[in-house]
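Undergrad: Okay, structure incoming, though there's no sequence with it:
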């Protein structure tokens with residue numbers, strides 16, 4: 001009767017919402033579906049995953065990567081040893097691996113090697129002279145299972161520079177990075193509530209392994225910090 005018809009309409013509405021929820025979460029594959037990591041991010045929506053196959057990624061779209069304020073996960077298929085972002089940075093042409101900005105909340109970056117980033121104020125002042133490998137200004141990303149190595153910053157944060165609300169760095173190796181004139185050759189933390197958990201910070205040169213600065217409330221646990229030079 002009439003009551004039965006109403007029940008069927010309600011069921012129909014819930015079925016539509018269920019289908020919509022499943023459609024929203026997508027996996028976007030690089031390079032199978034997208035040629036670059038950045039193009040996959042640009043096409044993503046909150047909740048999506050960008051899955052990157054093994055290989056070495058270079059050139060525009062695979063360096064200076066930005067999350068565009070999207071709550072997504074960007075991860076490698078098989079871990080950092082087999083998925084490398086080679087920034088190919090130099091004094092003449094500055095590049096870093098990843099740039100997190102204000103609004104990058106609930107973003108996850110996992111399972112990459114970032115190498116050969118190079119940031120100097122004289123070459124590209126709009127990039128800031130900090131964070132040779134990874135730069136975070138105002139975002140709250142989770143960076144995990146990464147290797148950040150052989151990156152250069154003229155002043156601070158050879159491997160990673162972070163001024164964020166609640167950045168979390170988990171199970172990463174930060175090694176063989178360089179600062180020429182400043183501090184934090186491995187990691188430099190400024191302000192915010194930062195967490196460094198289970199990381200190896202080693203053999204970074206010119207500014208020590210880890211610097212914590214300017215009202216930063218850092219929680220550093222289960223880390224090994226060894227053989228760094230200041």
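TA: Perfect, I can see it now. Quick caveat: nothing in here was measured; it's all calculated off a predicted structure. Residues are numbered from 1 along each chain as shown.
Undergrad: residue contacts, the most centrally placed residue in the chain?
TA: Centroid-nearest residue in the chain: residue 109, 4.5 Å away (criterion: CA atoms, centre = their mean). Contacts of residue 109 were listed using CB atoms under 8 Å, 6 or more residues apart in numbering, and they are 73-75, 98, 141-144, 146. Backbone N, C-alpha and C define where each C-beta goes, glycine included.
Undergrad: And the next helix or strand past the lowest-mean-pLDDT helix or strand in the chain?
TA: The weakest-scoring helix or strand in the chain, judged by mean pLDDT, DSSP states H and E, is helix 2-24 (a mean of 46). Downstream of helix 2-24, the first helix or strand assigned by DSSP states H and E is strand 27-30.
Undergrad: Who are the packing partners of that following strand?
TA: helix 37-42, strand 49-52 (3 or more CB pairs under 8 Å, 6 or more residues apart in numbering; DSSP states H and E).
Undergrad: Give me the buried positions along the helix or strand following the shortest one.
TA: I take that to be strand 49-52. Of the helices and strands lying after strand 49-52 in sequence (DSSP H and E), the nearest is strand 55-57. Neighbour-count burial for strand 55-57 flags residue 57 (criterion: 16 or more other CB atoms under 10 Å).
Undergrad: Starting from the helix or strand following strand 55-57, tell me which strands it pairs with and how they run.
TA: Next helix or strand after strand 55-57 toward the C-terminus (DSSP H and E): strand 65-66. Sheet pairing of strand 65-66 (DSSP bridges) gives strand 98-100 (parallel).
Undergrad: Quick check: buried residues in the next helix or strand after the partner strand?
TA: Counting by DSSP H and E, the next helix or strand C-terminal to strand 98-100 is strand 105-110. Residues of strand 105-110 classed as buried by neighbour count (16+ other CB under 10 Å): 105, 107-110.
Undergrad: Isn't residue 193 up against residue 217?
TA: Yes. Under the contact definition of CB atoms under 8 Å, residue 193 touches residue 217, with a separation of 5.1 Å.
Undergrad: average pLDDT for stretch 51-70?
TA: Averaged across stretch 51-70, pLDDT comes to 97.
Undergrad: next one: stretch 128-140
TA: So the average pLDDT for stretch 128-140 ends up being 89.
Undergrad: wait, which of the helices and strands packed on strand 27-30 is closest to residue 87?
TA: helix 37-42 (12.3 Å; CB to CB).
Undergrad: Packing partners of the closest one?
TA: strand 27-30, strand 49-52, strand 65-66, strand 73-76.
Undergrad: Other residues contacting it?
TA: Helix 37-42 is contacted from outside by 28-30, 33-34, 50, 52, 57, 60-62, 65-68, 70, 72, 74, 85, using CB under 8 Å, 6+ apart.
Undergrad: Swap in 6 Å and give it another go.
TA: 28, 30, 34, 50, 61-62, 65 (CB atoms under 6 Å, 6 or more residues apart in numbering).
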